[in-house]
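Engineer: show me the folded form of this:
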Amino acid sequence: MRIDIVTLFPEMFRGPLDSSILGRARERGLLSVHLWNIRDFADDRHKTVDDAPYGGGPGMILKAPPVYRAVETIWALEGDGSRRPWTIAMSPQGTPLQQARVAQLAQEPRLVIICGHYEGMDERVYRLADEEISIGDYILTGGELPAMVVVDAIARLIPGVLGEDASAREDSFSDGLLEYPQYTRPVEFRGMRVPEVLLSGDHERIRRWRRKQSLRRTLERRPDLLFKANLSDEDRRLLTEDEDP
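Structural biologist: Next comes the predicted model:
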């Protein structure tokens, strides 16, 4: 998969992109990320990319022309010949990112992500985007950190990026629920023991316990997710049981 990121601060990405799972995915050729500096597409010798807003107001606004030139340059790159890359604008006014959408984006061969900055972007920049995405109801200094979140979330679902593809399938939100509790050695630590069912070797009991814990945790912490989940008859029974299986 190829992801092109349009930003004023490409240096912000180098640590996250070069480290851990993302770094290994890039080294193995599973993920290709290209950074484009908006200032390189300014049309004056001062590399001006922002200006005061029409109508007055605080701060500066990212201008449309250099962003258009950057994105259209990326679109013109040789691709698979079917259509231009799916283009995303990071925006606090966008649709909140959900795991189901991440899974869909991971199927795209190419993505372009536009990062805003300053007090915002000229509204005409959003005409370039196929969709606007938000990572939460709060304001950051720019779209760079949200773009990193999107790249990381997508990369985990690219086949071969994780050591075991099952890891991604069992994550929180992968089936609309929160993940069950996880434990490793030692069996007891400061008076806290690993649940006996996980030491039993009974795979069916472990499966039922994990599913029940996932359901209960979602009910306690994110009941909105449980309301939308497609629950089986077994799920409903597990939710009403008093004792762990």
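
Engineer: next SSE after the longest strand along the chain?
Structural biologist: Taking DSSP state E as the criterion, the chain has its longest strand at strand 86-96. Next in sequence after strand 86-96, counting helices and strands by DSSP states H and E, comes helix 99-105.

Engineer: got the buried residues for the next helix or strand after that next one?
Structural biologist: Going down the chain from helix 99-105, the next helix or strand is strand 110-114, by DSSP H and E. Neighbour-count burial for strand 110-114, counted by 16 or more other CB atoms under 10 Å, picks out Arg110, Leu111, Val112, Ile113, Ile114. In short, each C-beta sits where N, CA and C put it, glycine included.

Engineer: once you drop chain neighbours, what's closest to the first one?
Structural biologist: What it means is Arg110. Pro85 (3.8 Å; CB to CB, 6 or more residues apart in numbering).

Engineer: hmm, that neighbour is touching Ile74, no?
Structural biologist: Yes - if you go by CB atoms under 8 Å, Pro85 and Ile74 touch, sitting 6.9 Å apart.

Engineer: can you tell me the SS state at the residue nearest to His117 when sequence neighbours are not counted?
Structural biologist: In space, and not counting its chain neighbours, His117 is closest to Gly142: 3.9 Å by CB to CB, 6+ apart. The three-state label for Gly142, taken from DSSP: H, G, I helix; E, B strand; the rest coil, comes out as coil.

Engineer: now do the one 3 residues further on
Structural biologist: In three-state terms, and counting by three-state DSSP, Leu145 is helix.
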